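>>> Show me how the following folds:
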Amino acid sequence: SLKYERKNTGRSRHVLGSSRFSRAMASSSKTYNFKSITVVPTAKDFVDVVLSKTQRKTPTVIHKNFKISRIRAFYTRKVKFTQQNIHDKLTGILTEFPKLDDVHPFYADLMNVLYDKDHYKIALGQINTCRHLVDNIAKDYVRLLKYGDSLFRCKMLKRAALGRMVTLMSRQGSTLSYLEGVRQHLSRLPSIDPTTRTLIVTGFPNVGKSSFVNKITRADVEVQPYAFTTKSLFVGHTDYMYTRWQVIDTPGILDHSLEERNVIEMQAITALAHLRAAILYIMDLSEQCGHTVAEQISLFENIRPLFANKPLVIVVNKTDIVDLDQLPDTAQGPFLRYRAEGIDILPMSTLTEHGVADVKNTACAKLMEQRVDAKLRGNKVGDIQNRLHLAMPAARDDKERKPYIPAGVRRRSVVRPEYGLPGQEKMVAEDDGPKRPTLRDRELEEGEDFFLDLQDEWKLKDDDWKKDTIPEILDGKNIADFVDPDIMRRLEELEAEEEARDAAGEYAEDMDDLSEEAQELRRKANLIRERKKARAIENKAKKSVNHPAVPRHHKKRGSSGDGAEQEATEAAEAATMEADDSSKRGRAQLRAASKMRVSLMEEERSKSQGPAKRPQQKEEGLSTMKQKVKASKLKRLGQRPNTMMGRAGEADRHVHEKKPKHLYTGKRGKGKTDWR
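A predicted model of the protein is given here:
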């Protein structure tokens, strides 16, 4: 747990004593962004990161035959690099963590309550001491490395130096873990600005503090019907007079001595002691919080010294159950005394939200008035006034000119608001008769039938132009200028004329009047159209992909082969017929015809056969299979030298790179111990 209990002795003296310097330190203090602190690694991760970086960022190749000066410089560089790496990381931790003497007293005391400032300072001191020890170790071993006379001795000195540094860092494991826990808790703290306009809500547990903060801000503080629901400080923001205000919800405080309060209560005491804010002390008159009105007044008197020089408002909550006027006279005595002292007592109910806005506005107004008075009493007012000049116009004559006020404005009445700064006024219009219906009224009246026509809101010279059709422009010209307004009427007249001509039979065609040649021409034209249509359907069916694919060797030969075969057959038949018919031709002519038929048949047969298969060139001269296998083996053996040398063949004389750069440069990877 990060919430270390402080010793009881001296706690009250520290809290109240440091509050004396809170105003003096507020102007010179530095606001820290605790969420930007870097993560603090564990001791093991710290060592692994440092050694890994040393291995990656320094040379890794050394040999015993190198000059001794080179060997010494090699190991000296490793020792110095490791020392510098550790030094930088520890310096970053010490720099980013806030120093209690430099931050605002509110943050210093809050960190003292949460983490114990002694433990926190000891942890940072141990890190600082560790940094100095690492620097001294590196300095000593660098001095010893100057006298190393061999690679082995230099290596052992480097190993001893890194070992001592690692051992020193390993012993800081608990310190690093504590600082990491502090960092995580600091990053979860709310961002509180100690110098801005602030409202602090305090009181007994379960009196309605968180409910009030949820009502006036966008914060979402947990609200439960038991005590100590809020265990830490919560911050919300609200607006007043166009400025942003900070509202802090504090944990509940019990009525006992300061030394007996725990960490949760001390957070509220710290905020009350160090923040310059308006205090809202909330009380529960119904006593549903578990504490009587007398106990709540006793707590108020106990912590009242913390409210010195701060605007104070006593808020009486849960007035929906018990009002302040319903208390007996003996219980109303302290409230009458507080009113006589000038302390405002305001009723409020967070359940019905009655008086919530009044409480917020009253507290903000009192704090703003105090801050303005403090600035006016400061030293900067004179410098600002010297740079301002107020011009007062001089009267040009003695004539009285009254301001012109319209009659409608005269009927308005000036009403002073219930709350606000003095001089604030607002104008409230009286009822001037029936109001002009707005679009919202029309929408509520018509419901789903409402249609928002933006053309009605156009301001034109003539209201009749609002519903005109918007012209369509094409190529910079109005289309309406090129449209005949009587085109529809003319179209109807033309259609009526065509219908009359058609009815009169002017377009009818008599086939009997045509000549025989014209009729025959028309019949052939119709026949051609039908055949074209049939051929188109046939071609479309052939191109369809829904038929099986025919292998290429099953397809018929081209038209050129078929024509040659047909011509040869017709020539042979003609020769035979001539031989049979003619009695004058002799036996020689018959023999010539038969030779012609045989030669044509052989030619066709030769076309259908493929070329003769020739033996492979590499197997020429090899008669048996044994000789062929032996020749193949000898060929492979002859190609082996070229293959091993990466050559394309015997004529390849290219000299390749002896040492490729991507193989012989850089450091060895993980697990590589061989030399390159």
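>>> Specify which residues of this protein, grouped into ranges, have pLDDT under the cut-off.
For the chain, the stretches flagged by pLDDT under 70 are 1-32, 412-434, 509-513, 544-619, 668-676.
>>> Helices of the stretch 1-150 of the chain, start to end?
11-18, 22-28, 43-57, 68-96, 105-115, 117-145 (DSSP state H, counting those that start in this stretch).
>>> What is the fourth one packed up against?
Meaning helix 68-96. Using 3 or more CB pairs under 8 Å, 6 or more residues apart in numbering; DSSP states H and E, the elements in contact with helix 68-96 are helix 43-57, helix 117-145, helix 151-170. Where you see a C-beta, it was placed from the backbone N, CA and C, and this is true even at glycine.
>>> Output these in JSON lines, with mean neighbour count and distance to Arg339 appended to each entry.
As requested, these are exported to JSON lines (neighbours: other CB atoms under 10 Å; distance: least, CB to CB, whole Å):
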{"stretch": "helix 43-57", "mean neighbour count": "15", "distance to Arg339": "62"}
{"stretch": "helix 117-145", "mean neighbour count": "16", "distance to Arg339": "41"}
{"stretch": "helix 151-170", "mean neighbour count": "17", "distance to Arg339": "65"}
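>>> Of all the ones you listed, which one is nearest Leu233?
Leu233 lies closest to helix 117-145 among the helices and strands packed on helix 68-96, at 18.0 Å (CB to CB).
>>> got the angle for that closest one vs helix 105-115?
Here helix 117-145 runs at an angle of 80 degrees relative to helix 105-115 (axes from the mean of the first three to the mean of the last three CA atoms, to 10 degrees).
>>> how far is helix 117-145 from where the chain is centred?
Put simply, helix 117-145 sits 41 Å off its chain's centre (CA atoms, centre = their mean, to the nearest Å).
>>> Of the helices of the stretch 1-150 of the chain, which is nearest Leu285?
Each of the helices of the stretch 1-150 of the chain has some distance to Leu285 by CB to CB; the shortest is helix 11-18, at 30.0 Å.
>>> Give the buried residues for stretch 221-236.
Neighbour-count burial for stretch 221-236, counted by 16 or more other CB atoms under 10 Å, picks out Val221, Ala227, Thr229, Thr230, Ser232, Leu233, Phe234, Val235, Gly236.
>>> ok, which stretches of the stretch 151-300 of the chain are strands?
With DSSP state E, counting those that start in this stretch as the criterion, the stretch 151-300 of the chain has strands at 198-203, 234-240, 243-249, 278-284.
>>> Please enumerate residues in contact with the first one?
The one in question is strand 198-203. Strand 198-203 is contacted from outside by 209, 212-213, 245-250, 252-253, 268, 271-272, 275-284, 296, 299, 303, 360, 363-364, 367, using CB atoms under 8 Å, 6 or more residues apart in numbering.
>>> Work out the sheet partners of it and label each with its direction, please.
Using DSSP bridges, strand 198-203 pairs in its sheet with strand 243-249 (parallel), strand 278-284 (parallel).
>>> Please identify which of those is closest to Pro334.
Across the strands paired with strand 198-203, closest to Pro334 is strand 278-284 (CB to CB), at 10.3 Å.
>>> Can I get the closest one in CSV? Just the C-alpha atoms.
Taking Å, rounded to 0.1, in the frame of the first residue of the first chain, the C-alpha atoms of strand 278-284 are listed here in CSV:
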residue,chain,number,x,y,z
ALA,A,278,-14.3,29.8,-0.8
ILE,A,279,-15.4,27.3,1.8
LEU,A,280,-18.8,25.7,1.7
TYR,A,281,-19.5,24.0,5.1
ILE,A,282,-22.5,21.7,4.6
MET,A,283,-24.7,20.6,7.5
ASP,A,284,-27.5,18.1,7.7
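>>> give me every residue that touches Phe81.
Neighbouring residues of Phe81 by CB under 8 Å, 6+ apart: Thr54, Lys57, Thr58.
>>> Serialize those to TSV and add fields for distance to Leu110.
Shown next, in TSV, are these (distance: CB to CB, whole Å):
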residue	distance to Leu110
Thr54	40
Lys57	41
Thr58	44
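>>> out of those residues, who's nearest Ile93?
Thr54 (19.3 Å).
>>> Contacts only, for Tyr338.
Listed by CB under 8 Å, 6+ apart, the contact set of Tyr338 reads Ile314, Ile345.
>>> where does it sit relative to Tyr281, distance-wise?
10 Å (CB to CB, to the nearest Å).
>>> what's the answer for Ala503, then?
Ala503 is 106 Å from Tyr281, by CB to CB.
>>> Looking at these two, which is more packed in?
Taking other CB atoms under 10 Å, Ala503 and Tyr281 do not tie; Tyr281 has more neighbours (24 against 9).
>>> partners of the nearest residue to that one once chain neighbours are set aside in the sheet?
Nearest non-adjacent residue to Tyr281, counting by CB to CB, 6 or more residues apart in numbering: Ile314, 5.2 Å away. Beta-bridge partners for Ile314, by DSSP bridges, are Tyr281, Ile345.
>>> my read: Ile314 touches Ile345, true?
Yes. Ile314 is in contact with Ile345 according to CB atoms under 8 Å; the separation is 4.7 Å.
>>> who has more neighbours, those two?
The neighbour count for Ile314 versus Ile345, taken as other CB under 10 Å, is higher for Ile314 (21 against 16).
>>> Could you say which helix or strand holds Glu638?
No Glu there; residue 638 is Gly. Assigned by DSSP states H and E, Gly638 belongs to helix 625-644.
>>> Send me that helix as CSV with only the CA atoms.
Output of helix 625-644 as CSV, limited to C-alpha atoms (Å, rounded to 0.1, in the frame of the first residue of the first chain):
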residue,chain,number,x,y,z
MET,A,625,21.0,-48.5,-73.6
LYS,A,626,24.1,-49.1,-71.6
GLN,A,627,26.1,-46.7,-73.7
LYS,A,628,23.3,-44.1,-73.5
VAL,A,629,23.3,-44.2,-69.6
LYS,A,630,27.1,-44.0,-69.5
ALA,A,631,27.1,-41.0,-71.8
SER,A,632,24.5,-39.2,-69.6
LYS,A,633,26.5,-39.8,-66.5
LEU,A,634,29.7,-38.5,-68.1
LYS,A,635,27.8,-35.4,-69.2
ARG,A,636,26.7,-34.6,-65.6
LEU,A,637,30.2,-35.2,-64.2
GLY,A,638,31.5,-32.8,-66.8
GLN,A,639,29.1,-30.1,-65.8
ARG,A,640,29.9,-30.3,-62.1
PRO,A,641,32.9,-27.9,-62.0
ASN,A,642,30.9,-25.2,-63.8
THR,A,643,27.9,-25.7,-61.4
MET,A,644,30.2,-25.5,-58.3
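>>> and the next element down the chain from that helix?
helix 661-664.
>>> in that next one, what counts as buried?
Per 16+ other CB under 10 Å, helix 661-664 contains no buried residues.
>>> Kindly report the same for stretch 97-105.
Within stretch 97-105, the residues that count as buried by 16+ other CB under 10 Å are Phe97, Pro98, Leu100, Val103, His104, Pro105.
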